[in-house]
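Enquirer: One predicted model, sequence on top.
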Amino acid sequence: MRDKFYTYIQNLQDRITLKLEEIDGKAKFKEDIWKRPEGGGGRTRVIENGNVFEKGGVNISGVEGVLPKAMQSYFNVGDVDFFACGLSLVLHPKNPMVPTVHANWRYFEMYDKTGTIVDSWFGGGQDLTPYYLFEEDAKHFHQICKTSCDKHNTDFYPTYKKKCDEYFYNAHRGEGRGIGGLFFDYCKANDEMSMSNWYDFVTEIGDSFLDAYVPIVEKRKEIAYTDAQRNWQEIRRGRYVEFNLVHDKGTLFGLKTNGRIESILMSLPPHVQWRYDHNPEPESAESKLVKVLKNPVEWL
């Protein structure tokens, strides 16, 4: 399974980066091949200073070795070896009318000292972080998520939508990072789903990403915006940074397994503001967004 999924994410990275370069029309992804001393490595691709994308990354990695003690406690396991691979992407558009997007699809295995697999699972998801709320965009993104989920189990969308709202939540701010999508983790073989079934589900979601995001970018990328709207985008980006550094499990895992720092922190936007006690004007477009972030919406 590990080789099959790693081949899939290699191909998916190619498809996504090719399409994003086409949309941007100016910037190209810079590729960085890296190795991890303890085992494994990855292929980082970053786009910067484009017509559409101010900064973005579409990264794949496959790392392995002895699970560090800090992560043994986290997973509540003993001295085991591990393999983890996945594709992680974050895109920060220049235009504040175009939402930031994040997605991740991953596979994990644990082994005892004889090399026997003792545990394995899939995880991942995708979520949208707008700066200005266009309800039709939110509905489109969630509809693609639901359609993909429903092909495998009609319970998946409501379950993983709820988990997404709960996970991508800045508890210290009392608000969501964005307007959600899907989040699933520890997807293991059970009476209803084999690992092959989970592979089919996760790759279905991965294959749906461009359909979920690209039409939104195409619709919003040419909208004129003001300096004030750009400032609001940078203030909201600060909340994105706070989540990734305070709460995100992927960041924590990368840091504690001696991951590549440049790739781990690729998700951080290039221009951010933190203003003291900043609140949007009542009844403004900005306050409309914040209201939704504080009270998750059922978009479908």
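Expert: Looks like it came in fine.
Enquirer: Which strand or helix spans Thr251?
Expert: helix 249-256 (DSSP states H and E).
Enquirer: Check which helices and strands the helix or strand just after that helix sits against.
Expert: Following helix 249-256 in sequence order, the next helix or strand is helix 261-264 (DSSP H and E). Applying 3 or more C-beta pairs under 8 Å, 6 or more residues apart in numbering; DSSP states H and E, one finds that helix 261-264 makes contact with strand 30-35, strand 40-48, strand 53-66, helix 249-256. Placement of C-beta: from N, CA and C, glycine included.
Enquirer: I'd like the average pLDDT over the last one.
Expert: Spelled out, that is helix 249-256. For helix 249-256, mean pLDDT rounds to 79.
Enquirer: The longest helix anywhere in the chain vs strand 53-66, what angle?
Expert: The single longest helix within the chain, with elements called by DSSP state H, is helix 195-220. Interaxial angle, helix 195-220 versus strand 53-66 (axes from the mean of the first three to the mean of the last three C-alpha atoms, to 10 degrees): 160 degrees.
Enquirer: And the next helix or strand past helix 195-220?
Expert: Assigned by DSSP H and E, the successor of helix 195-220 is helix 227-246.
Enquirer: and that following helix, what's its mean pLDDT?
Expert: For helix 227-246, the per-residue pLDDT averages 95.
Enquirer: ok, and for the longest helix of the chain, which residues are buried?
Expert: 195, 198-199, 201-203, 205-206, 208-210, 212-213, 216-217, 220 (16 or more other C-beta atoms under 10 Å).
Enquirer: by contact count, what packs against that helix?
Expert: Secondary-structure packing of helix 195-220 (3+ C-beta pairs under 8 Å, 6+ apart): helix 2-24, strand 81-93, strand 100-111, strand 117-129, helix 135-150, strand 181-187.
Enquirer: deepest of the helices and strands packed on helix 261-264, which one?
Expert: By mean neighbour count, with neighbours taken as mean count of other C-beta atoms under 10 Å, strand 53-66 ranks first of those at a mean of 22.
Enquirer: centre of the chain versus that one, how much separation?
Expert: Its chain's C-alpha centre and that of strand 53-66 lie 11 Å apart, by C-alpha atoms, centre = their mean, to the nearest Å.
Enquirer: That one vs helix 227-246, what angle?
Expert: Using the same axes, to 10 degrees: strand 53-66 against helix 227-246 is 0 degrees.
Enquirer: Now stretch 177-191 - C-alpha only, CSV.
Expert: Presented in CSV, the C-alpha positions along stretch 177-191 are these (Å, rounded to 0.1, in the frame of the first residue of the first chain):
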residue,chain,number,x,y,z
ARG,A,177,-9.9,29.1,10.7
GLY,A,178,-12.2,29.1,7.7
ILE,A,179,-15.5,27.8,6.4
GLY,A,180,-14.5,24.1,6.6
GLY,A,181,-14.6,21.2,4.2
LEU,A,182,-13.5,17.7,5.2
PHE,A,183,-11.2,16.3,7.9
PHE,A,184,-10.6,12.6,8.5
ASP,A,185,-7.9,10.7,10.4
TYR,A,186,-7.1,7.2,11.6
CYS,A,187,-9.1,5.6,8.8
LYS,A,188,-8.3,2.0,9.5
ALA,A,189,-9.6,-1.4,8.1
ASN,A,190,-12.9,-2.4,9.7
ASP,A,191,-15.9,-4.6,8.9
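Enquirer: for that stretch, the distance to its chain's centre please.
Expert: On C-alpha atoms, centre = their mean, the centre of stretch 177-191 falls 12 Å from that of its chain.
Enquirer: so for it, what's the average pLDDT?
Expert: 97.
Enquirer: now Tyr213, nearest residue through space, not along the chain?
Expert: In space, Tyr213 comes closest to Val101 once its chain neighbours are excluded; the distance is 5.1 Å by C-beta to C-beta, 6 or more residues apart in numbering.
Enquirer: Hmm, the one you found is touching Ser88, no?
Expert: No: at 11.9 Å, Val101 and Ser88 do not qualify as touching, with contact defined as C-beta atoms under 8 Å.
Enquirer: rewinding a little: among the helices and strands packed on helix 195-220, which comes closest to Asn295?
Expert: For those, proximity to Asn295 was assessed by C-beta to C-beta; helix 135-150 is nearest, at 13.5 Å.
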